[in-house]
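**Student:** fold the following for me, if possible:
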Amino acid sequence: MIDPIVVDLSRIQFAATAMYHFLFIPLTLGVALLLAIMESVYVMTGRPIWRQATLFWGILFGINFAMGVATGIVMEFQFGMNWSYYSQYVGDVFGAPLAIEGLMAFFLEATFIGLFFFGWDRLRPVAHLAVTWLMALGANFSALWILIANGWMQNPVGAKFNPDTMRMEVTNFVEVIFNPVAQAKFVHTVSAGYVVGSVFVLGISALFLLQGRYAELAKRSIVVAASFGLASALSVVVLGDESGYVATEHQKMKIAAMEAMYETEPAPAALTLFAIPGSDGRPAFQVQLPWVLGIITTRSLDRDLPGITELTEHAALRIANGIKAYVALNAIRANPGDTAARAEFDATQADLGYALLLKKYRPDVENATGEQIVTAALDTVPDVWPLFWSFRLMVGVGLFYIAFFALWFVKSSLHQIDRHRWLLRLALWTMPLPWIAAEAGWIIAEYGRQPWVVEGVLPTYYAASSLNFWDLVISLGFFMTVYSVLIVIMVWLMTRVIKAGPPHNLGLGLPGDAPALTTEIAA
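**Tutor:** Numbering: from 1, shown residues only. You can find the predicted model right below:
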């Protein structure tokens, strides 16, 4: 049996590296598309200021992209290092989209990034613009395949467990690709990335205006970022609603935990705005909006939304049924020709993963007691209050940025971008907020599906490698040290680029162009 501390350390290590990595991904998605928009304006108008803006933001994009690649490589090694049984159990399904993402990121996307930086004087303007758009699309397609893989972990469709190979195997790759959870996560995540990119560009541009530097570049960048950011912020909310609806269909326990809803409420359920936990962990005080949760999650007025108590009772039934699948599986392994065991397994295999929850308490699952079944069923409830507050933090930041970008859009339309210094300071001071919201979103997505590494199929406890305590402590310390150094390097590099300002080598015939660019790149 696996040591619970080893499992927890493995989870902490993967969560820490993933959250570090995700600091870079949304900025890559957002700035890449903004670069494509700015260069499109340059090609259509021929105005050098737009080329200057594209080059400047492109340098910051390149630094961020390099850091994203450096932090992302480690995560793929961790599947084999920390989660070897997971890799063996579902590698046939999970490996395919992960491999395609690698091809997208390291071949397609990286190739176009190289052409973006070194093709300005070698490609015609329209050809270089095509490269920039392909670079932006490559970044989005790279994210798509990662989220297809992650979406399958949330809703494992298009695959079936093979009792002869003891592995999950793909039965319909089209279902894996068009998994509704993956598609909802993709559009919601990339829209959040667009918000991050817009806030980044707007915030740095506001800094320039506060300092009285590069006003023309800053104003034009703000116009693009405000317009794109407003559309993106609205999209995040609308597409987040779709994610909630899909989660209600496939991850009911996550929704119940996010709302701290222990008992099933009459339809339509109320949305909790604020709650205070009592001594028993349940809400002792709460402020609710009638009907809102039911309408959002079920899109109806008559469908009940099950509470945690009802869902744990249902989980106990599935565990009991899964024990039958586990017994039948053992019979098949002992005698592959046992047709009766295969028939029993086919009838009950949907609940096999629930039986594996018992492995945490005893190796002989078939002899589990009623008390152990109830305890394992309670394990299907994730920690409620971290999810409850993470969701409200994410939603609160999202609503703030709708108002924020709407205000900036109005000011841009009225040519009042630099009229209010308090608004410029607000743009600068609130720059960290979209990253905080994005990280909160991943806490909801990943922490909310515990105790499953693959929803309903493979418990997290059962998926970890048999490492020892010090292996994980030393590697965790090493990764955190290296990642922290990388963060410091990225901030230092970006700060230097921002202080230096836009590059001067723009092919505009300015004196000293070439040496200026060489010096800035070297710096």
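**Student:** Asn82 touches Phe14, doesn't it?
**Tutor:** Yes - under the contact definition of Cβ atoms under 8 Å, Asn82 touches Phe14, with a separation of 6.2 Å. C-beta coordinates here come from the backbone N, C-alpha and C atoms, glycine included.
**Student:** after the helix or strand containing Ser198 comes which helix or strand?
**Tutor:** Per DSSP states H and E, Ser198 falls inside helix 180-211. Note on helix 180-211: by DSSP H and E, the next helix or strand toward the C-terminus is helix 215-250.
**Student:** report how many residues lie close to the residue nearest to Asn162 when sequence neighbours are not counted.
**Tutor:** Using Cβ to Cβ, 6 or more residues apart in numbering and skipping the chain neighbours, the partner closest in space to Asn162 is Glu169 (5.1 Å). Neighbour count of Glu169, defined by other Cβ atoms under 10 Å: 13.
**Student:** and what of Leu98?
**Tutor:** Neighbours around Leu98, by other Cβ under 10 Å: 18.
**Student:** same question, Leu9
**Tutor:** Other residues close to Leu9 by other Cβ under 10 Å number 21.
**Student:** quick check: which element contains it?
**Tutor:** Counting by DSSP H and E, Leu9 is found in helix 4-21.
**Student:** what helices or strands is the helix or strand following that helix leaning on?
**Tutor:** For helix 4-21, the following helix or strand on the C-terminal side (DSSP H and E) is helix 25-45. Other elements packing on helix 25-45 under the criterion 3 or more Cβ pairs under 8 Å, 6 or more residues apart in numbering; DSSP states H and E are helix 48-81, helix 125-154, helix 180-211, helix 215-250, helix 433-442.
**Student:** looking at this structure, which helix or strand is least sure?
**Tutor:** helix 513-522 (a mean of 34; mean pLDDT, DSSP states H and E).
**Student:** could you check stretch 205-218 and say which residues are buried?
**Tutor:** 205-209, 214, 217-218 (16 or more other Cβ atoms under 10 Å).
**Student:** state the mean pLDDT of it.
**Tutor:** Average pLDDT, stretch 205-218: 93.
**Student:** now do stretch 496-509
**Tutor:** Mean per-residue pLDDT for stretch 496-509: 68.
**Student:** so what's the most centrally placed residue in the chain up against?
**Tutor:** When Cα atoms, centre = their mean is applied to the chain, the residue found nearest the centroid is Trp442 (5.1 Å). Residues near Trp442 by Cβ atoms under 8 Å, 6 or more residues apart in numbering: 18-19, 22.
**Student:** CA atoms only: put stretch 42-53 into PDB for me.
**Tutor:** Provided in PDB are the C-alpha atoms of stretch 42-53 (Å, rounded to 0.1, in the frame of the first residue of the first chain):
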ATOM      1  CA  TYR A  42       0.600  47.800 -39.700                       C
ATOM      2  CA  VAL A  43       0.200  45.900 -43.000                       C
ATOM      3  CA  MET A  44      -3.100  47.600 -43.800                       C
ATOM      4  CA  THR A  45      -2.000  51.200 -42.900                       C
ATOM      5  CA  GLY A  46       1.800  51.000 -43.500                       C
ATOM      6  CA  ARG A  47       2.300  53.200 -40.400                       C
ATOM      7  CA  PRO A  48       5.700  52.500 -38.800                       C
ATOM      8  CA  ILE A  49       4.400  53.000 -35.200                       C
ATOM      9  CA  TRP A  50       2.400  49.700 -35.500                       C
ATOM     10  CA  ARG A  51       5.500  47.800 -36.600                       C
ATOM     11  CA  GLN A  52       7.300  49.300 -33.600                       C
ATOM     12  CA  ALA A  53       4.500  48.200 -31.300                       C
END
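**Student:** right, and Val43 touches Ala127 too?
**Tutor:** No - assessed by Cβ under 8 Å, Val43 is found out of contact with Ala127, at 10.1 Å.
**Student:** these two: which is more packed in?
**Tutor:** Val43 (17 against 11).
**Student:** contacts only, for the more buried one.
**Tutor:** Contact partners of Val43, counting by Cβ under 8 Å, 6+ apart, are 125-126, 129.
**Student:** most neighbours, which of these?
**Tutor:** Leu129 (18 neighbours).
**Student:** for that residue, which non-adjacent residue is closest in space?
**Tutor:** Excluding its sequence neighbours, the residue lying closest to Leu129 (Cβ to Cβ, 6+ apart) is Val43, at 4.9 Å.
**Student:** any stretches of the stretch 251-400 of the chain with poor pLDDT?
**Tutor:** Nowhere does the stretch 251-400 of the chain drop to pLDDT under 70.
**Student:** where along it do the helices fall?
**Tutor:** For the stretch 251-400 of the chain, the helices defined by DSSP state H, counting those that start in this stretch occupy 252-258, 292-298, 308-334, 339-348, 352-356, 370-378, 384-413.
**Student:** contacting residues around the first one?
**Tutor:** This means helix 252-258. By Cβ under 8 Å, 6+ apart, the list of residues contacting helix 252-258 reads 244, 247-248, 261-262, 297, 305-308, 311, 315, 380-384, 387-388, 391, 444, 448-449.
**Student:** of these, buried ones?
**Tutor:** Neighbour-count burial (16+ other Cβ under 10 Å) applied to the contacts of helix 252-258 gives 244, 247-248, 261-262, 297, 305-308, 311, 315, 380-382, 384, 387-388, 391, 444, 448-449.
**Student:** which residues touch Val224?
**Tutor:** 34, 37-38, 41, 201.
**Student:** now it: how far from Leu289?
**Tutor:** Counting by Cβ to Cβ, to the nearest Å, the gap between Val224 and Leu289 amounts to 36 Å.
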